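Asker: everything below, folded, please.
(one chain, ligands or ions: 1)
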Amino acid sequence: MQSSTKTIQSLRGMKDIVNEDSILFTYFIENASKIAEKYGFSYIETPLLEETALFKRSVGESSDIVNKEMYQFIDKGENDVCLRPEGTAGVVRHFVEKKLDRAGGIYRWFYYGAMFRYERPQKGRLREFHQFGCEVFGVNNVYEDANIIMLIKEILDFFGIGFTLKLNSLGCIECMPKYKENLIKHISTFKDKLCDDCNKRLLTNPIRILDCKVESCQKLLINSPKITNSLCSSCNSDFEKLKEILNFNNISYEIDSNLVRGLDYYNKTAFEFISNEIGSQSAIAGGGRYDRLVEFLGGKSTAGIGFAIGIERLLELVKIKKQKEDFIYIGSLDESSQNKAFEIAIQKRKNTKTYIEYSSRSFGKHFSIAEKLNCNIVALIGENELKNNTIFIKNLDTKEEKNIALEEFLVEK
Ligand code: HAM
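Answerer: Numbers count the residues shown, from 1 in each chain. Okay, here's the model as predicted:
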């Protein structure tokens, strides 16, 4: 066989995790796992490959994930299988397969690993990406919804990540069908003006029209009926109670009655954690209640709730934050200032990441070493600075140079 010399690259939308990224990745998993364990979750690992029917029956045949994005194939044993596009379905399959629905009780599991969606790759949107998720079975109490939200908040807080929490209730089999009927009636009056995808959704899953990203559709939908005004009394009182618990615990949220989520299994509470620092793919975590999913997969009715964090998107934010931290380079311009430079470095290191160059060098040489080390601030001291009690500062990002009082530099954080 003739062997090709062409180098082989990773597939589009898939990437290796190495060096600084892999350090961050394992650091995230370690700490998110510890937090989940504190909340009583234990680790579960399910296969990457599952029967395609599992996702059709859970994520839903009308969802984009199942419709357009599955890595689906027939294996050598003629089985219709696919790489998991998300983690919830596999965990529910395990729950039903092990007859835990019949045994009763409460189960809390966390997982992490690769998920696959054949999407159009862009910043923050990969074809192979990683999620950290948690799933709870057997707790039909809105305090658990709050608990899950607090757990995600604790993970995001641990990594110093700011977010907006968007919250909605998708009702239940009592109130959702009536709402859908009203929505279809309303939308039908202008359906010709909606995009092709929305017209398809009108037939398959009309509530997905609400979160269509096409601007002209959004404009048409402004006066659509809101699910939060159509909830039955049980869903409404749960939603009010959830808001009350979040308020009491100082967790801010925004009600977004267009938040329907891209997976069909949700009822009642649905939420997303959004960041405004990572561009258009801004959802860092999402989840909600899925009280009927166990039944959809052939089990006995069991309450369920969970979430998943997109690890790549979250780590992008950790990196942005890290980049914002100063890394100061301190050096001397002549031998008479070496002692002072050393003393300044000791002071600065108390609050800021600091590098000290022991040998005296010219400005240019210091700048090039600092650049190689990825320092963003260069602080240099020479005979003149020593005499005037000042220090020379250059910001390598903005290229700004100035001499400031040494005292001012030492108190700056
Ligand atoms: P999801 O909203 O589809 O929910 O995904 C959760 C998170 O995974 C998103 O918020 C996002 O951060 C990340 N994510 C999704 N697609 C991509 C992609 N193509 N590239 C990079 N990151 C991505 C679920 O998957 C549900 N299973 C969550 C859940 C668990 N609900 C209940 N339990």
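Asker: stretch 265-285 near the ligand at all?
Answerer: Yes: Stretch 265-285 lies within reach of the ligand by C-beta under 6 Å from any ligand atom, at 283-285. For every residue, glycine as well, the C-beta is placed using N, CA and C.
Asker: so how far is that stretch from its chain's centroid?
Answerer: Distance, stretch centre to chain centre, for stretch 265-285: 7 Å (C-alpha atoms, centre = their mean, to the nearest Å).
Asker: what's the span of it from first residue to last?
Answerer: Distance between the two ends of stretch 265-285: 16 Å, counting by C-alpha to C-alpha, to the nearest Å.
Asker: and that stretch, average pLDDT?
Answerer: Stretch 265-285 shows a mean pLDDT of 92.
Asker: off-centre distance for stretch 110-117?
Answerer: Averaging C-alpha positions (C-alpha atoms, centre = their mean) puts stretch 110-117 12 Å from its chain's average.
Asker: and the contacts of it?
Answerer: Residues from elsewhere that reach stretch 110-117 (C-beta atoms under 8 Å, 6 or more residues apart in numbering): 29, 32-33, 36-37, 41-46, 48, 65, 69-71, 83-87, 91, 127-135, 311.
Asker: quick one: that stretch near the ligand?
Answerer: Yes: Stretch 110-117 reaches the ligand (C-beta under 6 Å from any ligand atom) through Arg117.
Asker: got the buried residues for that stretch?
Answerer: By 16 or more other C-beta atoms under 10 Å, the buried positions in stretch 110-117 come out as 110-113, 115-117.
Asker: emit the PyMOL select command for whichever of the contacts of stretch 110-117 are buried.
Answerer: To isolate in PyMOL the members of the contacts of stretch 110-117 that are buried, counting by 16+ other C-beta under 10 Å, one can use:
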select buried, resi 32+33+36+41+44+46+65+69+70+71+83+84+85+86+87+91+127+128+129+130+131+132+133+134+135+311
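Asker: intersect the contacts of stretch 110-117 with the contacts of the ligand.
Answerer: Among the contacts of stretch 110-117, the ligand is touched by 86-87, 129, 131, 133, 135 when using C-beta under 6 Å from any ligand atom.
Asker: narrow those to those in strands?
Answerer: Applying DSSP state E to these, the entries found in strands are 129, 131, 133, 135.
Asker: nearest spatial neighbour of the last one, skipping sequence neighbours?
Answerer: Nearest residue to Glu135, sequence neighbours excluded (C-beta to C-beta, 6 or more residues apart in numbering): Gly306, at 3.8 Å.
Asker: please apply the same query to Ile311.
Answerer: Spatial nearest neighbour of Ile311, excluding adjacent residues (C-beta to C-beta, 6+ apart): His130 at 4.1 Å.
Asker: and the strands in the stretch 51-200 of the chain, which stretches?
Answerer: Along the stretch 51-200 of the chain, the segments classed as strands by DSSP state E, counting those that start in this stretch run 71-74, 80-83, 107-116, 128-137, 164-169.
Asker: do the last one and the ligand meet at all?
Answerer: No: using C-beta under 6 Å from any ligand atom, no contact is recorded between strand 164-169 and the ligand, whose separation bottoms out at 11.1 Å.
Asker: so who does Phe409 touch?
Answerer: By C-beta under 8 Å, 6+ apart, the residues touching Phe409 are 344, 348, 379, 391, 393.
Asker: cool, Leu183 as well?
Answerer: Each residue near Leu183 by C-beta under 8 Å, 6+ apart is listed here: 206-207, 209-210, 224-225.
Asker: give me that answer again for 10 Å
Answerer: Leu183 is in contact with 202, 206-207, 209-210, 221, 224-227, 230, counting by C-beta atoms under 10 Å, 6 or more residues apart in numbering.
Asker: next, the angle from the top helix by length along the chain to strand 128-137.
Answerer: The residue-count maximum for a helix in the chain (DSSP state H) belongs to helix 19-38. If you take axes from the mean of the first three to the mean of the last three C-alpha atoms, to 10 degrees, helix 19-38 sits at 0 degrees to strand 128-137.
Asker: what would helix 19-38 look like as CSV? C-alpha coordinates only.
Answerer: Provided in CSV are the C-alpha atoms of helix 19-38 (Å, rounded to 0.1, in the frame of the first residue of the first chain):
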residue,chain,number,x,y,z
ASN,A,19,0.2,22.6,28.3
GLU,A,20,-1.4,25.5,30.1
ASP,A,21,-4.9,24.4,28.9
SER,A,22,-4.5,20.9,30.3
ILE,A,23,-3.3,22.2,33.7
LEU,A,24,-6.3,24.5,33.9
PHE,A,25,-8.6,21.6,32.7
THR,A,26,-7.5,19.2,35.5
TYR,A,27,-7.5,22.1,38.0
PHE,A,28,-11.2,22.8,37.1
ILE,A,29,-12.3,19.1,37.2
GLU,A,30,-10.5,18.6,40.6
ASN,A,31,-12.2,21.6,42.2
ALA,A,32,-15.6,21.3,40.6
SER,A,33,-15.7,17.7,41.7
LYS,A,34,-14.9,18.6,45.3
ILE,A,35,-17.7,21.2,45.3
ALA,A,36,-20.2,18.7,43.8
GLU,A,37,-19.1,16.1,46.5
LYS,A,38,-19.8,18.6,49.2
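Asker: now do it against strand 107-116, angle only.
Answerer: Helix 19-38 and strand 107-116 are oriented at 160 degrees to each other (the same axes, to 10 degrees).
Asker: helix 19-38 packs against which elements?
Answerer: Judged by 3 or more C-beta pairs under 10 Å, 6 or more residues apart in numbering; DSSP states H and E, helix 19-38 is in contact with strand 42-43, strand 107-116, strand 128-137, helix 142-158, helix 311-324.
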